[in-house]
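J.: here you go, sequence then predicted model.
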Amino acid sequence: MSTVAVKPVAKPATMAQALGRAMRDAMAEDPTVHVMGEDVGTLGGVFRITDGLAKEFGDDRCTDTPLAEAGILGAAVGMAMYGLRPVVEMQFDAFAYPAFEQLISHVAKMRNRTRGAMPLPITIRVPYGGGIGGVEHHSDSSEAYYVATPGLHVVTPATVEDAYGLLRASIASDDPVVFLEPKRLYWSKADWNPESPAVVPGIGKALVRRAGTGATLITYGPSLPVCLEAAEAAREEGWDLEVVDLRSLVPFDEETVVQSVRRTGRAVVVHEAGGFGGPGAEIAARVSERCFHHLEAPVLRVTGFDIPYPPPMLEKHHLPSVDRILDTVARLQWEN
Amino acid sequence: MSTVAVKPVAKPATMAQALGRAMRDAMAEDPTVHVMGEDVGTLGGVFRITDGLAKEFGDDRCTDTPLAEAGILGAAVGMAMYGLRPVVEMQFDAFAYPAFEQLISHVAKMRNRTRGAMPLPITIRVPYGGGIGGVEHHSDSSEAYYVATPGLHVVTPATVEDAYGLLRASIASDDPVVFLEPKRLYWSKADWNPESPAVVPGIGKALVRRAGTGATLITYGPSLPVCLEAAEAAREEGWDLEVVDLRSLVPFDEETVVQSVRRTGRAVVVHEAGGFGGPGAEIAARVSERCFHHLEAPVLRVTGFDIPYPPPMLEKHHLPSVDRILDTVARLQWEN
Amino acid sequence: MDAAPLLPDPEPYRVLGTAAADKLDPELMRRCYAELVRGRRYNAQATALTRQGRLAVYPSTVGQEACEIAAALVLEDQDWLFPSYRDTLAAVARGLDPVQALTLLRGDWHTGYDPREHRIAPLSTPLATQLPHAVGLAHAARLRGDDVVALAMVGDGGTSEGDFHEALNFAAVWQAPVVFLVQNNGFAISVPLAKQTAAPTLAHKAVGYGMPGRLVDGNDVAAMHEVLSEAVQRARSGGGPTLIEAITYRVEAHTNADDATRYRGDAEVEAWKAHDPVELLERELTTRGLLDEADIRAAKDAAEVMAASLRERMNAEPVLNPMDLFGHVYAEQTGRLREQAEMLRAELEAEEQS
Amino acid sequence: MDAAPLLPDPEPYRVLGTAAADKLDPELMRRCYAELVRGRRYNAQATALTRQGRLAVYPSTVGQEACEIAAALVLEDQDWLFPSYRDTLAAVARGLDPVQALTLLRGDWHTGYDPREHRIAPLSTPLATQLPHAVGLAHAARLRGDDVVALAMVGDGGTSEGDFHEALNFAAVWQAPVVFLVQNNGFAISVPLAKQTAAPTLAHKAVGYGMPGRLVDGNDVAAMHEVLSEAVQRARSGGGPTLIEAITYRVEAHTNADDATRYRGDAEVEAWKAHDPVELLERELTTRGLLDEADIRAAKDAAEVMAASLRERMNAEPVLNPMDLFGHVYAEQTGRLREQAEMLRAELEAEEQS
Ligand SMILES: Cc1ncc(C[n+]2csc(CCOP(=O)(O)OP(=O)(O)O)c2C)c(N)n1
Ligand SMILES: Cc1ncc(C[n+]2csc(CCOP(=O)(O)OP(=O)(O)O)c2C)c(N)n1
Ligand SMILES: [Mg+2]
Ligand SMILES: [Mg+2]
């Protein structure tokens, strides 16, 4: 009673730690939260995100499943039908594809087809994107598939704080969330206080990560640090860039984006996924439509090429780089 | 020797007949063409597109497979590796989803990952779209998934003649083609001469189906007739609309589209698929970019809603209609 | 594993017409009989409704009623049924209003009932995808300490899907309280079993998962009830999953839209009609004096009452609100959906005014 | 089906150390021995290369060499091998240059060889997806009247995937000339077999497809060679597919990136090291006087030559042309790809000039 409360302080933490902590706290608070997937138990996952959960909560709350992604997601659907809140880990982006039918035909549609009687509060964690030297099938940016599927939320953090906050919000959501984890940011660090972590009230709010007046870079996940670096570098060229982090692709926070672009009059969308039919197409189309009379130049995109993900030795050429962003910003008809 | 050749004449034929004929002719010309899928043999497919093929070419050339879409496409991959040219039928759009991993991780990537050594000349026929009163899972417009997958061609006919020509071209292609058949046009008719069918030299050319000067409707597949009807109706309102039929989404014939919109200065993209992250997003984004200085108004889209496909009794509200297209055309800032 | 599973029954297990029928429970069998008669009538009525344009499509279970009925009757109230798209009769036999069971097939909303209220999962159109759901639900109930068994139904064709395999494997590894009932009705649309599998029987598939497999005469409702009850009992008492193959026959076409003459002859159909589930039971019970004319009449009358009510209610034009299209995509509407809903609302109002 | 398949061997089939070893073919066994020694050395060299940063990742087959070698040796030239991501050694034993086998794993292009030239499918990373490919290829060859057998490799974990099920089913229905070899090495990364299946053995899964299933000691190269040869022979002569489960053990971690101490103890590993495939054969052959010191030395020397060449060539920095990114997406480049290629070309030129 008379002990002085020691206020915990912020310490450097990685995104991987914040994600693990988010699951831990959710499991501690809510006994219906169950983590499941390949190697998530004893091993703690190949990226160690679920490290310690099986030990703390037992195998029944953090379960190593057989190796079958459709079975994992299908079983999670049944568990959610019974009132649990499954958090499914897909080991890598491309290994979520076997679960596609379950995802599209059931997970995304169940609430709607039962007219609200049977929502499915499932979080599907998918490590995605490149930049870690993964061999083929380990670096896909598959967000276009999820974004085009009504009924799914699609969330992706870019910072340590958001990793915690958005994952908590996703697990708390009564709707299915595809939670895309930018794997090359797993080891990114920030000062962070795990004892009083920032709470994200809900999903669907974009954030202006850097204010600027000349043009808006619209991005998310693994490309945020690249955009911030590009914005710094752009100062030398005399461009003052605003950077918007979408944080969730569905819902898409159109208002934040549109307000920014109406202010700056120029926009570039940046993501790792291929350009053709990628999420940036929707953003560019919508910004072009709603900012029509404010645009000084066409909305441009800097994306991965429209190719299968390259071998590690060539991936640097594929990924949006600071230089490529600056080259593109330069094309925004500044002379006008 | 002295018999007089009777020149065959054009007779009314359905799109279903033209598709069947395309497979028949391809099989007759090339012994490596094999048709396979659920119920494609004895029954001739649930839409009767493959009717007669098993009888004419035998069960080994037109094969009823076990009921397993990943297995069907996976086996087709192996057959193509050995030098055959499989034509796979997926029974309905949503039943292609179980084959998604095979499609994305192998079919789309095989040529690239073997640096050209192992192309996969597979045609995947997928009846798609709504408007036929199909219960859930029978009316999906799933083209966004295919369009966002580099390595696949995505082709979709809108006329009887194209059904034949594009399917022949797809089967002849050395690359995998997702051939989307607008199922509500299966019974559409046109005069067509099966004995001297129009040959389509390759895939990737859009066609201006109706010339106009005021605005361009950009569409494909099941929405083409709706757009043509809308263009007719628009005359009453004093709008002279051009209608472009894309015919293939990948490759996307950007030049034909851009030339049209630069001429007309206004554009509306029309498709049944959901708008958010749908193929129209790419088209609108690209047109907005490349026609920036020619546009009198933002590029707009008329699409299916961003919802799971509705029950048959409500589908008419979901599908792009003539009225909805006209309402959208009216928003193209004609006063400017 | 010390209890290595055995190969399943070499012949389909039968009760009716065998000595085992001596031990039939008369009450239960009379109930089964009434349900079979009702089920047959339900099938006839539903097919008639397709002809009148009142149902968009109907996959009939004529000839398969014993499987459908038995599946429903062996479950306790708290148990769950996971039907395939064909199994509306099982749902009806479980107590669901036939109009609700047929809502999907009439072109109305996708699921005509609250799955939680009835403990009946939505009819599953994508084949075999419902099987992992059943496993997950049964597993969840077991984790929570609840006494719940899940019974999942699938067709012979559906056993070829990867989801069948993954579901059975998960169930066995987790020892989930789930029963898999395969109705082998000879066909997957036009594809006969011989093109679907080279296994001696579908029940043999149980061996590869380490679970018991049973082979039953699917037209023998007494045998079906007994074997299903045993499996449900084993699941309930912690004994894990069972795979049951019921040998039956789809007497009618795949659906009203199908033309079965394209792929099978009349002789086969006639042979199966001679092994009709309703007649099999009726013969057994009347021979044994457990069913009389009055019982038969009562069953028929009750079936007619159901049919008349169904017919009448299906003839009423359903009233759907187009605005509901946007109501249940998410818990909370996205901005984009709000915008689309506004557009439709405006269109509907304009229509009304014109 | 009159020839109902039997349950597979109750115990793993063994030759080495049993009376059956009397009939060993000395030439073949000496060849196997040399390959085993070379395979072990290959594993060691590849792992060393990961430490030097010359390989991005390497999934070792130390302890599994008998499976890898036997799979390669039982095939004729025209036959096809379908390796999983782990099976580079089988490809090397088939005659592929180790550098080509490791191209993918070094971070260079995805497939280091022409699959058609070597009749080795690309290493398959998505688990079990290569199995339907093997079935389709074998089926196609049979349709064309060619004498070709496909041998497909998969791990114990991979048997849980739907593609495993679908492939075995297609193979049995089509009676395709294909052999499925499951290397049950006890783990799928960290997940032990007991969490993967409840089946008595993985070979039991054959029963459900109506194909023969065999259980073999995967560390006994003589047994592996015999059982695989029989299966290949059956496939070749029109007898259809076979499922073979080889009981073996992954002595090293899943890959160099894995930490196996997190999920298993040393005792288990040590026990398996006492049942080493190289030693088992060496002991048998030396005891029988079929292998002397000179043979052993010769095998070791040959292996060192291979290792030295591999090391040297892997130390050379590979030269990749970034423009190749656009060269093989389609037979013909799309307009969009041409545009992207132009952009990259300009960037590369600018870089060069600066
Ligand atoms: C994944 C999937 N693929 C294809 C279909 C199309 N389809 C509907 S019913 C059917 C045949 C099903 O046969 P079976 O499993 O034996 O069940 P039955 O119709 O005999 O009850 C097919 C192929 C589907 N519904 N789902
Ligand atoms: C479809 C798919 N899911 C997940 C993975 C990730 N993964 C790579 S290896 C592996 C374990 C494989 O175990 P097993 O099949 O027993 O083969 P082993 O590694 O023992 O050779 C997993 C889960 C993958 N490669 N493909
Ligand atoms: Mg059937
Ligand atoms: Mg293994």
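T.: Received the coordinates, thanks. Ligands and ions are numbered 1, 2, ... in the order given.

J.: could I get stretch A:31-49 in PDB with only the CA atoms?
T.: Provided in PDB are the C-alpha atoms of stretch A:31-49 (Å, rounded to 0.1, in the frame of the first residue of the first chain):
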ATOM      1  CA  PRO A  31      -9.700 -15.800 -22.700                       C
ATOM      2  CA  THR A  32     -11.400 -16.200 -26.100                       C
ATOM      3  CA  VAL A  33      -8.300 -15.100 -27.900                       C
ATOM      4  CA  HIS A  34      -6.400 -18.100 -29.400                       C
ATOM      5  CA  VAL A  35      -3.300 -18.000 -31.400                       C
ATOM      6  CA  MET A  36      -2.700 -20.700 -34.000                       C
ATOM      7  CA  GLY A  37      -0.500 -21.600 -36.900                       C
ATOM      8  CA  GLU A  38       2.600 -23.400 -38.100                       C
ATOM      9  CA  ASP A  39       5.400 -23.400 -35.500                       C
ATOM     10  CA  VAL A  40       3.800 -20.600 -33.400                       C
ATOM     11  CA  GLY A  41       4.000 -22.700 -30.200                       C
ATOM     12  CA  THR A  42       7.200 -24.300 -28.900                       C
ATOM     13  CA  LEU A  43       9.300 -22.400 -31.500                       C
ATOM     14  CA  GLY A  44       7.600 -19.100 -31.100                       C
ATOM     15  CA  GLY A  45       7.200 -18.800 -34.900                       C
ATOM     16  CA  VAL A  46       9.900 -18.600 -37.500                       C
ATOM     17  CA  PHE A  47      10.100 -14.800 -36.800                       C
ATOM     18  CA  ARG A  48       9.700 -15.400 -33.100                       C
ATOM     19  CA  ILE A  49       6.700 -13.100 -32.900                       C
END
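
J.: how about that stretch and ligand 4, any contact?
T.: No - remark: stretch A:31-49 sits outside contact range of ligand 4, by CB under 5 Å from the ion, the gap being at least 12.1 Å. All C-beta spots, glycine's among them, are computed from the backbone N, C-alpha and C.

J.: pull the distance from that stretch to the chain's centre.
T.: 19 Å (CA atoms, centre = their mean, to the nearest Å).

J.: what mean pLDDT does it get?
T.: Mean pLDDT, stretch A:31-49: 98.

J.: that one: which residues count as buried?
T.: A:32-49 (16 or more other CB atoms under 10 Å in any protein chain shown).

J.: which of those residues fall in strands?
T.: Those of the buried residues of stretch A:31-49 mapping onto strands are A:33-37, per DSSP state E.

J.: of the residues you listed, which is the nearest to ligand 3?
T.: Comparing these against ligand 3 with CB to the ion places A:Met36 closest, at 31.9 Å.

J.: hmm, the closest one is touching A:Pro86, no?
T.: Yes - with contact defined as CB atoms under 8 Å, A:Met36 reaches A:Pro86; the gap is 6.0 Å.

J.: between those two, what contacts are shared?
T.: A:Ala76 (CB atoms under 8 Å, 6 or more residues apart in numbering or on different chains).

J.: what's the longest helix in chain C?
T.: Ordering each helix of chain C by length in residues (DSSP state H) puts helix C:26-51 first.

J.: what comes up buried for that one?
T.: Applying 16+ other CB under 10 Å to helix C:26-51 flags C:29-30, C:32-43, C:45-50 as buried.

J.: and of the ones in strands among the buried residues of stretch A:31-49, the nearest to C:Pro322?
T.: C:Pro322 has its nearest neighbour among those in A:Val33, at 37.1 Å by CB to CB.

J.: contacts for whichever helix or strand comes after the longest helix of chain C?
T.: Reading on from helix C:26-51 to the C-terminus, the next helix or strand found by DSSP states H and E is helix C:65-73. The contact list for helix C:65-73 (CB under 8 Å, 6+ apart) reads C:31-32, C:35-36, C:39-40, C:43, C:61, C:81, C:87, C:89-95, C:151, C:153, C:181, C:183, C:218-221, C:224-225, C:228, C:246, C:248, C:277-278, C:280-281.

J.: identify the residue of chain C closest to ligand 1, quick one.
T.: Nearest residue of chain C to ligand 1, counting by CB to the nearest ligand atom: C:Gly155, 2.2 Å away.

J.: burial of that residue, as a residue count?
T.: Neighbour count of C:Gly155, defined by other CB atoms under 10 Å in any protein chain shown: 26.

J.: packing partners of the one helix or strand C:Glu347 maps to?
T.: Take DSSP H and E as the rule and C:Glu347 turns out to sit in helix C:335-353. Using 3 or more CB pairs under 8 Å, 6 or more residues apart in numbering or on different chains; DSSP states H and E, the elements in contact with helix C:335-353 are helix A:254-264, helix B:322-330.

J.: buried residues in that helix?
T.: Buried residues in helix C:335-353, counting neighbours by 16+ other CB under 10 Å, are found at C:336-337, C:340-341, C:344, C:347.

J.: which one of those is nearest to chain A?
T.: Nearest to chain A among the buried residues of helix C:335-353, counting by CB to the nearest CB, is C:Arg336 at 7.1 Å.

J.: right, and the closest one touches A:Phe252 too?
T.: Yes - at 7.1 Å, C:Arg336 counts as touching A:Phe252 under the criterion of CB under 8 Å.

J.: which residues do these two both contact?
T.: Taking CB under 8 Å, 6+ apart as the contact rule, the neighbours common to C:Arg336 and A:Phe252 are B:Phe276.

J.: and residue 333, what does it touch?
T.: No chain specified, so I'll use chain A. A:266, A:296-297.

J.: let me rephrase: I mean chain C.
T.: C:326, C:341.

J.: enumerate the residues of chain C near ligand 2.
T.: With the criterion set to CB under 6 Å from any ligand atom, chain C never comes near ligand 2.

J.: for chain C, give the residue positioned nearest to ligand 3.
T.: Closest residue of chain C to ligand 3, CB to the ion: C:Gly155 (3.7 Å).

J.: quick check: that residue vs C:Ser84, distance?
T.: Per CB to CB, to the nearest Å, C:Gly155 is found 6 Å from C:Ser84.

J.: shared neighbours of those two, anything?
T.: Common neighbours of C:Gly155 and C:Ser84 are listed as C:Leu127 (criterion: CB under 8 Å, 6+ apart).

J.: where in chain C is pLDDT low?
T.: Along chain C, segments meeting pLDDT under 70 span C:1-6.

J.: please report how far the spatially most central residue of it lies from ligand 4.
T.: With distances taken as CA atoms, centre = their mean, the residue of chain C nearest its centroid is C:Asp87 (2.9 Å). Distance, C:Asp87 to ligand 4, by CB to the ion, to the nearest Å: 38 Å.

J.: that residue is in contact with C:Gly155, isn't it?
T.: No - taking contacts as CB under 8 Å, C:Asp87 lies outside contact range of C:Gly155: 9.4 Å.

J.: would you map the helices across chain C?
T.: Using DSSP H, helices in chain C cover C:26-51, C:65-73, C:88-93, C:98-102, C:115-118, C:130-143, C:162-174, C:221-236, C:266-273, C:277-287, C:293-315, C:335-353.

J.: how about those helices, which one is nearest D:Ala257?
T.: When these are compared by CB to CB, helix C:162-174 sits nearest D:Ala257, at 26.5 Å.

J.: which helices and strands does that closest one pack with?
T.: If you count contacts as 3+ CB pairs under 8 Å, 6+ apart, helix C:162-174 packs onto helix A:69-81, helix C:130-143, strand C:178-184, helix D:162-174.

J.: same list, those, but as JSON lines with mean neighbour count please.
T.: Below are those laid out as JSON lines (neighbours: other CB atoms under 10 Å in any protein chain shown):
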{"stretch": "helix A:69-81", "mean neighbour count": "30"}
{"stretch": "helix C:130-143", "mean neighbour count": "29"}
{"stretch": "strand C:178-184", "mean neighbour count": "30"}
{"stretch": "helix D:162-174", "mean neighbour count": "29"}
